[in-house]
Each structure stands twice: as structure tokens, then as C-alpha cells.
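Trainee: have a look; sequence and predicted model below, questions after that.
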Amino acid sequence: MAQTAHEIQGTLPEKADVVIAGGGIIGVSAAYYLAKAGVSVVLCEKGRIAAEQSSRNWGYVRQQGRDPAELPTIMESLRLWRGLGEEIGEDLGFRQTGVIYTAETDADMASYERWLEIAKQYQLDTKLISAKEVEALLPGAGRTWAGALHTPSDGRAEPSKAAPAIARAAERQGAQVLIECAVRGIETEGGRLSHVVTERGSIRTGSLVFAGGAWSTLFCRNLGLELPALNIRSSVLRTSPAPEVTDGAVWSKQVAMRRREDGGYTVSHGYATEFILTPSLLRYGHRFLDAYKKERKRLRIRLKRPFFDELLRAKSWRNDETTPFEKTRILDPPPNTTILNEAFANLKSVYPVLKDVTVAERWAGLIDVTPDAVPVISPVESVPGLYLATGFSGHGFGIGPGAGKVVAEMVTGGPETIDRSPFRYSRFLDGSRVAPWTPV
Ligand SMILES: Cc1cc2nc3c(=O)[nH]c(=O)nc-3n(C[C@H](O)[C@H](O)[C@H](O)COP(=O)(O)OP(=O)(O)OC[C@H]3O[C@@H](n4cnc5c(N)ncnc54)[C@H](O)[C@@H]3O)c2cc1C
């Protein structure tokens, strides 16, 4: 998981056209597309490139089952993924191997059918496949399903490789990438953002893109801005090399898996989602009631150490003080072994051909989720020059390159080739959208 080959240190420049905070897939993709457009960019990462969500995820690059609000961006993202490795001369581990969601019951199949309507509108190749067709696609399975939803044009990529490679490509385009360089805050002149203050000093700039993943709500709060998002823990394991039951990604209620380049699988529980009680839940919980009603069957709610970690963490600071970003360089929550043991047992019972497989590594990540599970890629109207690119709600890896392109268009004021209105920050302030789209 957290492969952090990217080891760049450097001196802080005095000025830049754009500063990006956060070296996950979103920040590095934005840096790449901005630098490619000739903009001078400095990316500041408090820890290591892609050491948080962007190296810990499942590696699905999927259009299937998405909120329609995200479809134009993810479709563009897939187009970019197909050519990006060659364009930058690096291996991102991208393969167009399809995504399958199996169905337990006819009711599941009926709910997938709703997605087909959306797929048709966007001319996607998604189809409902029969029990027999699933059997043919998953030859090592020891059980049958009612059928499945299948999008052959979806893909997978290697999280340990992709964001560091894109960061290197951004550098080759002229971006400066600084690690162990937390962004503490901003300064304004005449109401406009004029400087970004980092732990190493300040940079004169007209624009800051904050792409800080699970840290974004805290950063905003220190500026007096409300960004309602909660962090959810998700636990993952990877197996030793194993026989091939799929070359792509398969989600089932019991187990979700993705074939890895190293011949193993990245594995998670398909259904259990862990919601850790935190002080943020008390603050923003009411905004998540619709999401809670839809997801409550799969939620396992826990009161754990993160409650106290968050409670004790500073909520505000001055720009000349050490901030929480410097105190926790890398968010590395312990995985939930109960959930992972269940997932691993399910893997072996659903796919008996994998009965001898062993666990090579376990880890967890904190996912930043917004009330409607759609990201924020938006200017903050009250602070001209400040932009947010965050809240990717558990599906930001696949959409990363597309989102990076959206950020570049937004900050440069170039033609809006992808509609970014669904991602506006103001929807949380004016209540114009609160409920998540009913997922399949
Ligand atoms: C277990 C798991 C499974 C997932 N599966 C998938 C999947 O299959 N497909 C998919 O598309 N998505 C998936 N996701 C979601 C996806 O990984 C995220 O949506 C995506 O990586 C978010 O990217 P990001 O750049 O916004 O955030 P991150 O990758 O979390 O990066 C944010 C970065 O900002 C840095 N930072 C924060 N504050 C500051 C600051 N003040 N100054 C400087 N730096 C700062 C952090 O150190 C961090 O490196 C999954 C996530 C997890 C955890």
C-alpha cells in the first residue's frame, strides 16, 4: 500500500501562480494539468506523496454505479487514464479490465436496472448479465449469483504507483513538489488571497487549491469556513500471488476484490462500512441523515480512539504556530481485524480455488465523505483565490485525473469542458443539494 518512493525536498519559492496543498491523486493530477498549461505551480504535501487515501484504496477505476453528477468527469478521467501512462512515460498499472457487481437476489437485479437507464443516457457499455454469464466470467467461484452488473470499459490501476508517477510528471512539466511542507493557512490583501503560509515560510500567490482529503474540514474550520464532511475508516488486505479468478474488479456483498499487478488480490469486505464516532459527527451528523437512512444496514458504528484524537486536536491556530498537519504527517489508522477476518474467510468460501492464499499485508484508510457523497471542486466565494478539491467520498482515485483537469480549468478560467456545477461548495451553504443519489 503506502509506497512512498517520491522523496523530494526543496527550497520554498517566493512566489507561484498557484499553490496546491495535498499530494494525493487529486493534488498531483491538478499540479500536472496546471503545469502542462504553463502555470507556475508549487505543491506542498505535509507528509509523503500519496501516503494517505491515494495509496490505500482498492484501485477500482469505475463509472458503474456512480452518481450521475460525476459521470462526465469520470468518463473523461477514464479517457485520460487510457493514455496517461504513455503520455508521461510511466507505468500507472492501469488496465481496462471491467468492473462487476454481483447480485444476490432478483431485487438486487431490479435495482441495477435503474443504473442501466443512466448508462444508456451516457452511452456507457454497462449491461446486466445472467447467472450463466457471471459463471463464465468468474470461473473459480464456488457459488452462483442471480446475475450481475458489468461495465467492461471500467478499469483498475495500481494505487501504490499512480499518484507518485503523476507527481514526477508534474515536476517534469515544471511544477515544484515539496514534501514535509504543511500548509498552515492563508493571508489576504483587500479581501483576496495574497499568500499561502507553510511551515517553512510563505509563498506569494493569487490561488490556493486545498486538496487535503480527510484534513480539509479542519483546514476550512480554522478559516471560519464550514465544510461538512466525515471521515470513515475502511480496512483492506492484500493476498500473496494466487490463481486468477478475475483479471478485473468484482464487488459482492461478502467480499470485494481487485486483481493486482503482483498476481495477488486487494480484498475488502463488500458490505461492512465502519463509521467511527467522532466530535465531527456531533457537529455535522444532522447533514448525513439521508445518507444514514440509505446505508444504515451496512454501517458498524464504533466509539474508538479517533474520537479522543479528534477531541484533543487543535481546532484553530495562528499561522506562526505548529499545526495538527505537522503533528500527524501520515494518517495511518489501524485496520479492523474483525472485518478483515470476515472478508478473508468470505473470499475463500466464495472462491474455493483461493483456499490456499495467504494474507501479505493489512491496512486501513480514512475516507472523507460529504453528505451527498459528491466531491467539492469549487472556488470559495467568500475568499477570492481559495479553491477546494476535496470530499471524494470513497471514489476519488478513479476520477483523479479527470478531477485534476477540472481543477486546472477552474483555476485558469479556461473553457469549462466538463460541467463542474454539481461540485459547487455553495450547495452546502444554500441547501440546494443534501441527499445522496440512491446508489445501486
Ligand atoms: C480503503 C479505501 C478504498 C478505496 N477504494 C477506492 C476505489 O477502489 N476507487 C476509487 O476511485 N476510490 C477509492 N477510494 C477513495 C480514494 O482513495 C480517495 O477518494 C482519493 O484517494 C482521494 O484523493 P485526495 O488526493 O483527495 O486525498 P488523499 O489521497 O487523502 O490526499 C490528501 C493529501 O493531503 C495532505 N494534506 C492534508 N492537509 C494538508 C496540509 N494542510 N498541507 C499539506 N498537505 C496536506 C495529506 O497528507 C494527504 O497526503 C478508497 C479509499 C480508501 C481509504
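Mentor: Looks like it came in fine.

Trainee: let me see the mean pLDDT of stretch 152-168.
Mentor: For stretch 152-168, mean pLDDT rounds to 98.

Trainee: go on, stretch 193-205?
Mentor: 98.

Trainee: going forward can the numbers begin at 52, since that is how I track them
Mentor: Sounds good: first residue 52 from here, last item stretch 244-256.

Trainee: mind saving the C-alpha coords of it as PDB?
Mentor: Taking C-alpha atoms only, stretch 244-256 is exported to PDB below (Å, rounded to 0.1, in the frame of the first residue of the first chain):
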ATOM      1  CA  LEU A 244      -5.900  35.600  -1.000                       C
ATOM      2  CA  SER A 245      -2.300  37.000  -1.300                       C
ATOM      3  CA  HIS A 246      -0.100  34.500   0.500                       C
ATOM      4  CA  VAL A 247      -0.100  30.800   1.400                       C
ATOM      5  CA  VAL A 248       1.700  30.200   4.700                       C
ATOM      6  CA  THR A 249       3.500  26.900   5.100                       C
ATOM      7  CA  GLU A 250       5.600  25.500   7.900                       C
ATOM      8  CA  ARG A 251       8.700  26.700   6.000                       C
ATOM      9  CA  GLY A 252       7.600  30.200   5.300                       C
ATOM     10  CA  SER A 253       5.100  31.900   3.000                       C
ATOM     11  CA  ILE A 254       4.600  32.000  -0.800                       C
ATOM     12  CA  ARG A 255       3.100  35.000  -2.600                       C
ATOM     13  CA  THR A 256       0.300  33.700  -4.800                       C
END
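
Trainee: just how off-centre is it within its chain?
Mentor: 26 Å (Cα atoms, centre = their mean, to the nearest Å).

Trainee: number of nearby residues for Ser483?
Mentor: 9 (other Cβ atoms under 10 Å). No exception for glycine: its C-beta is placed from N, CA and C like everyone else's.

Trainee: er, Arg107 actually
Mentor: For Arg107, using other Cβ under 10 Å, the count is 26.

Trainee: per-residue confidence for it?
Mentor: Confidence score, pLDDT, at Arg107: 98.

Trainee: ditto for Leu363
Mentor: In this model, Leu363 carries a pLDDT of 74.

Trainee: same deal with the one 5 residues further on?
Mentor: Model confidence at Trp368, given as pLDDT, is 96.

Trainee: got the phi and psi for it?
Mentor: When read as degrees, to the nearest 10, the backbone of Trp368 gives phi -160, psi 160.

Trainee: quick check: closest non-adjacent residue to it.
Mentor: Thr374 (5.1 Å; Cβ to Cβ, 6 or more residues apart in numbering).

Trainee: if I pick that neighbour, what's in contact with it?
Mentor: By Cβ atoms under 8 Å, 6 or more residues apart in numbering, the contact set of Thr374 is Ala233, Arg235, Gly236, Glu250, Ala365, Trp368.

Trainee: surely the first one and Gly74 touch.
Mentor: No: Ala233 lies out of contact with Gly74 (Cβ atoms under 8 Å); the separation is 11.2 Å.

Trainee: overlap in contacts of the two?
Mentor: Cys95.

Trainee: more neighbours, these two?
Mentor: Using other Cβ under 10 Å as the criterion, Ala233 and Gly74 rank with Gly74 on top: 35 against 25.

Trainee: so the more buried one makes contact with Gln104?
Mentor: No: between Gly74 and Gln104 there is no contact under Cβ under 8 Å: 11.4 Å.

Trainee: what bridges to Val420?
Mentor: Leu281 (DSSP bridges).

Trainee: count of neighbours near it?
Mentor: Using other Cβ under 10 Å: Val420 sits among 22 other residues.

Trainee: same question for the one 5 residues further on.
Mentor: Other residues near Val425 number 22, with proximity taken as other Cβ under 10 Å.

Trainee: show me the contacts for it.
Mentor: Asp118, Ala120, Glu121, Gly442, Ser444, Pro473, Phe474, Arg484, Pro487, Trp488.

Trainee: and those residues as JSON lines, adding secondary structure, pLDDT and distance to Pro422?
Mentor: Listed next are the contacts of Val425 as JSON lines, based on DSSP: H, G, I helix; E, B strand; the rest coil; pLDDT from 0 to 100; distance: Cβ to Cβ, whole Å:
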{"residue": "Asp118", "secondary structure": "coil", "pLDDT": "93", "distance to Pro422": "12"}
{"residue": "Ala120", "secondary structure": "helix", "pLDDT": "94", "distance to Pro422": "13"}
{"residue": "Glu121", "secondary structure": "helix", "pLDDT": "96", "distance to Pro422": "15"}
{"residue": "Gly442", "secondary structure": "coil", "pLDDT": "97", "distance to Pro422": "9"}
{"residue": "Ser444", "secondary structure": "coil", "pLDDT": "95", "distance to Pro422": "9"}
{"residue": "Pro473", "secondary structure": "helix", "pLDDT": "95", "distance to Pro422": "14"}
{"residue": "Phe474", "secondary structure": "helix", "pLDDT": "97", "distance to Pro422": "14"}
{"residue": "Arg484", "secondary structure": "coil", "pLDDT": "66", "distance to Pro422": "9"}
{"residue": "Pro487", "secondary structure": "coil", "pLDDT": "70", "distance to Pro422": "7"}
{"residue": "Trp488", "secondary structure": "coil", "pLDDT": "69", "distance to Pro422": "12"}
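
Trainee: many thanks, we can stop here.
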